[in-house]
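[1] I'll drop the sequence and a predicted model, then ask my questions.
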Amino acid sequence: SMVTAKPHAALLASPGMGHLIPTVELGKRLLTHHGFDVTIFVVTTGSSTTTSQILQQTSNLSSLNIVVLPPIDFSSKPGPKPSLGEQVVVAIIESLPLLHSSIMSMKLRPSTLIVDIFGTCAFPMAREFGMSTYVFFATSAWFSAVTIYVPVIDKKMEERHANNHEPLFIPGCESVRFEDTLEPFLSVVGPVYEGYLKAAQDIISSDGILINTWQDLEPASTKAVRELSILGRFTKGPVYPVGPLVRNIEPRQEHKAVLRWLDGQPADSVIYVSFGSGGTMSEAQMKELALGLELSQQRFVWVVRPPMEDETSGAFFDVAKGGDIAPEYLPDGFLERTKETGLVVPLWAPQAEILGHPSTGGFVTHCGWNSVLESILNVVPMVAWPLYAEQKMNASLLEEQLRVAVRAKVAEEGGRVVSKEEIAMLVRRVMVDEEGVTMRKKLKEMKQSGHVALSNLGSSYESLCQMTKLCELHVQGSKAKAQG
Ligand code: UDP
């Protein structure tokens, strides 16, 4: 008789909440709906309270095995502080020996390794252990298509894109405007581009690719990525849209101050302002944002971090380290003047709960993909304010293709900031104007289609069933090989 081969997936989460949160959600999904055993390996860069908080929230699933690898410390290293992307990659490379010994010591070794787009350097080890390899894009099908296509893009077109600012053409997808492009395409020579190209080559060599999106959200781009994979044209394995995977709102155990405050506000009356786990801005921009919120005359919840000139400096910020809002970087009298209508939350807020709260009616967001999905699934229209990585593409997708966001424009004069008048106008378009009502109608339909995708026979559910089948075959194949 046939013994069913239960696959065991190891998921490697690179540092940063934006990577850890969707990886945990994918792990839970494989465990609860597709019969996998699941072990999640978490790469960390410091004793982050936020990491353990997130992990605590997931520990209600006792069968989910979570291994937090010892932190990689950058503060002691000589030389200039590496960029955000470099830190993520270096942390993973330095964690590989820890991952290796951790897997060696497991009684039941995993049969499949799933990494995010930064984790492909773990593939040689996975293959050495006889594991099949998958990549999980915790972002849009559009960005995924660009990445999958990079190794075959005509070099001349890339040069025209970088030098003459012509759009980057991706078969079956919207072209990428130069204003929205990714850092590697700013110059097609040099280490940033080379690193991206190498990652793309590794990604397409995997046994399969998973994307945290769904067919009806991005019909053209999901079709395009599938076609890039047909007959092994560009990718070795299949490409599966498997989303939307986002955190469930936990039943309220502790009454958080921000949620209590929201309880007292009218429905859809509060705009939530947050730039993800890593976004920071200059002091001038923060002051302008504060004045813009005031000018909009709308209620708000604003997650603030100390200002920094570099937009990504907040990443890996340890929420345990700072608590108080240093009022000197907010305009004089701002907290006093807005104390009835606004709430400023230092560093980190319970975003899933805030977006799910009935009083929240809009979201000023940096367009990190997890934030985007959380906003869509809670029917919250957005003010798109992208900062780095693929966030400008996400903003363009939200504003122009899905039409559920208005986008902030940086004024070239006046120190390259988004002005307070612009901020107030954008907030009012979403919160007060008819436009916001139309967006909410669209979002309701999108939310519905997201639920359908994940339900039985839905497109994302079916994708994960197919992937599961491949992983089971892999286990059977390995067993047969072992028996000679
Ligand atoms: N998040 C949160 N509280 C915060 C900031 C972020 O819970 O104060 C969560 C947010 O809900 C999302 C993730 O952290 O799930 C951030 O991921 P995203 O892709 O939006 O942006 P990134 O942080 O990767 O730039």
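    Perfect, I can see it now.

[2] neighbours around whichever residue of the chain sits closest to the ligand, how many?
    For the chain, the nearest residue to the ligand under the criterion CB to the nearest ligand atom is residue 18, separated by 1.8 Å. For glycine as for every other residue, the C-beta is placed from the backbone atoms N, C-alpha and C. Residues within reach of residue 18, counting by other CB atoms under 10 Å, total 21.

[3] Which strand or helix spans it?
    Residue 18 is part of helix 17-33, with elements assigned from DSSP states H and E.

[4] hmm, who's touching that helix?
    Around helix 17-33, the neighbours that count as contacts under CB atoms under 8 Å, 6 or more residues apart in numbering are 9, 11-13, 36-38, 40, 42, 50-51, 54-55, 58, 61, 63-64, 88, 114, 116, 118, 136, 138, 210, 212, 242, 245-247, 276-278, 368-370, 461, 464, 468.

[5] Could you identify the helix or strand that succeeds that helix?
    Per DSSP H and E, the first helix or strand lying C-terminal to helix 17-33 is strand 37-42.

[6] Could you pull up the mean pLDDT of that next one?
    Per-region confidence: strand 37-42 scores 96 on mean pLDDT.

[7] how far off helix 17-33 does that strand point, in degrees?
    For strand 37-42 against helix 17-33, the angle by axes from the mean of the first three to the mean of the last three CA atoms, to 10 degrees is 170 degrees.

[8] tell me what strand 37-42 is packed against?
    Counting by 3 or more CB pairs under 8 Å, 6 or more residues apart in numbering; DSSP states H and E, the packing neighbours recorded for strand 37-42 are strand 8-13, helix 17-33, strand 65-68.

[9] 10 Å instead, please
    Here strand 37-42 touches strand 8-13, helix 17-33, helix 49-58, strand 65-68, helix 84-104, strand 112-115, going by 3 or more CB pairs under 10 Å, 6 or more residues apart in numbering; DSSP states H and E.

[10] Show me how far the fifth one is from its chain's centre.
    Right, the one you point to is helix 84-104. With CA atoms, centre = their mean, to the nearest Å as the basis, helix 84-104 stands 20 Å off its chain's centre.

[11] Are it and the ligand in contact anywhere?
    No: using CB under 6 Å from any ligand atom, helix 84-104 stays clear of the ligand, coming no nearer than 9.6 Å.

[12] In the longest helix along the chain, which residues are buried?
    Longest among the helix segments of the chain by residue count, using DSSP state H, is helix 459-482. Buried residues in helix 459-482, defined by neighbour count with 16 or more other CB atoms under 10 Å: 459-461, 463-464, 467-468, 470-472, 474-475.

[13] same deal with stretch 403-411?
    By 16+ other CB under 10 Å, the buried positions in stretch 403-411 come out as 404-408.

[14] Repeat that for stretch 21-36.
    21-31, 34, 36.

[15] what do you get for stretch 260-267?
    Judged by neighbour count using 16+ other CB under 10 Å, the buried positions of stretch 260-267 are 261-262, 265.

[16] just stretch 364-374 next, same as before
    Within stretch 364-374, the residues that qualify as buried are 364-374, counting by 16+ other CB under 10 Å.

[17] hey, C-alpha coordinates of the helix or strand bottoming out on mean pLDDT in the chain in PDB?
    Ranking every helix and strand in the chain by mean pLDDT, DSSP states H and E puts helix 49-58 at the bottom, with a mean of 72. Written as PDB, here are the backbone C-alpha positions of helix 49-58 (Å, rounded to 0.1, in the frame of the first residue of the first chain):
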ATOM      1  CA  THR A  49      11.000  43.000  21.400                       C
ATOM      2  CA  THR A  50       8.800  43.300  18.300                       C
ATOM      3  CA  THR A  51      10.000  40.000  17.000                       C
ATOM      4  CA  SER A  52       9.100  38.200  20.100                       C
ATOM      5  CA  GLN A  53       5.700  40.000  20.300                       C
ATOM      6  CA  ILE A  54       4.800  38.900  16.800                       C
ATOM      7  CA  LEU A  55       5.900  35.300  17.600                       C
ATOM      8  CA  GLN A  56       4.000  35.300  20.800                       C
ATOM      9  CA  GLN A  57       0.800  36.200  18.900                       C
ATOM     10  CA  THR A  58       1.300  33.200  16.700                       C
END
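
[18] That one and the ligand, any residue contact?
    No: for helix 49-58 and the ligand, the contact criterion (CB under 6 Å from any ligand atom) is not met; the two come no nearer than 8.0 Å.

[19] can you start the count at 51 instead of 1 from here on
    Will do, 51 is the new start, and the previous item becomes helix 99-108.

[20] on contacts alone, who are the packing partners of that helix?
    Other helices and strands packing on helix 99-108, by 3+ CB pairs under 10 Å, 6+ apart, are helix 67-83, strand 87-92, strand 115-118.

[21] any idea which of the ones you listed scores lowest on pLDDT?
    Looking at the helices and strands packed on helix 99-108, the weakest mean confidence is strand 115-118, a mean of 92.

[22] in its sheet, what does that one sit against?
    Strand 115-118 has these partner strands in its sheet, going by DSSP bridges: strand 87-92 (parallel).

[23] shouldn't residue 476 be in contact with residue 415?
    No: with contact taken as CB atoms under 10 Å, residue 476 and residue 415 are classed as non-touching, separated by 11.6 Å.

[24] Need the residues touching each of these two.
    The overlap between the contact sets of residue 476 and residue 415 (CB atoms under 10 Å, 6 or more residues apart in numbering) consists of 432-435, 455.

[25] about what we covered before: what's the closest of the helices and strands packed on helix 99-108 to residue 448?
    Each of the helices and strands packed on helix 99-108 was scored for nearness to residue 448 using CB to CB, and the closest is helix 67-83 (16.7 Å).

[26] picking that back up, figure out how far the least confident helix or strand of the chain is from the centre of its chain.
    Going by CA atoms, centre = their mean, where helix 99-108 is centred and where its chain is centred differ by 17 Å.

[27] looking at this, residue 433 is in a strand?
    Yes: according to DSSP: H, G, I helix; E, B strand; the rest coil, the state of residue 433 is that of a strand.

[28] Please save the CA atoms from stretch 76-94 in PDB.
    Extracted in PDB, the C-alpha atoms of stretch 76-94 (Å, rounded to 0.1, in the frame of the first residue of the first chain):
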ATOM      1  CA  LEU A  76       2.400  31.200   5.000                       C
ATOM      2  CA  GLY A  77       3.700  28.700   7.500                       C
ATOM      3  CA  LYS A  78       0.400  28.600   9.300                       C
ATOM      4  CA  ARG A  79      -1.500  28.200   6.100                       C
ATOM      5  CA  LEU A  80       0.600  25.200   5.000                       C
ATOM      6  CA  LEU A  81       0.200  23.700   8.500                       C
ATOM      7  CA  THR A  82      -3.500  24.200   8.900                       C
ATOM      8  CA  HIS A  83      -4.800  23.700   5.400                       C
ATOM      9  CA  HIS A  84      -2.300  21.600   3.500                       C
ATOM     10  CA  GLY A  85      -1.100  18.900   5.900                       C
ATOM     11  CA  PHE A  86       2.500  20.100   6.200                       C
ATOM     12  CA  ASP A  87       4.700  19.900   9.200                       C
ATOM     13  CA  VAL A  88       6.200  23.400   9.500                       C
ATOM     14  CA  THR A  89       9.400  24.800  11.000                       C
ATOM     15  CA  ILE A  90      10.100  28.500  10.800                       C
ATOM     16  CA  PHE A  91      13.600  29.700  11.100                       C
ATOM     17  CA  VAL A  92      13.800  33.400  12.100                       C
ATOM     18  CA  VAL A  93      17.000  35.400  11.300                       C
ATOM     19  CA  THR A  94      17.400  38.300  13.700                       C
END
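
[29] and that stretch, is it in reach of the ligand?
    No: Stretch 76-94 is not in contact with the ligand by CB under 6 Å from any ligand atom; minimum separation 13.2 Å.
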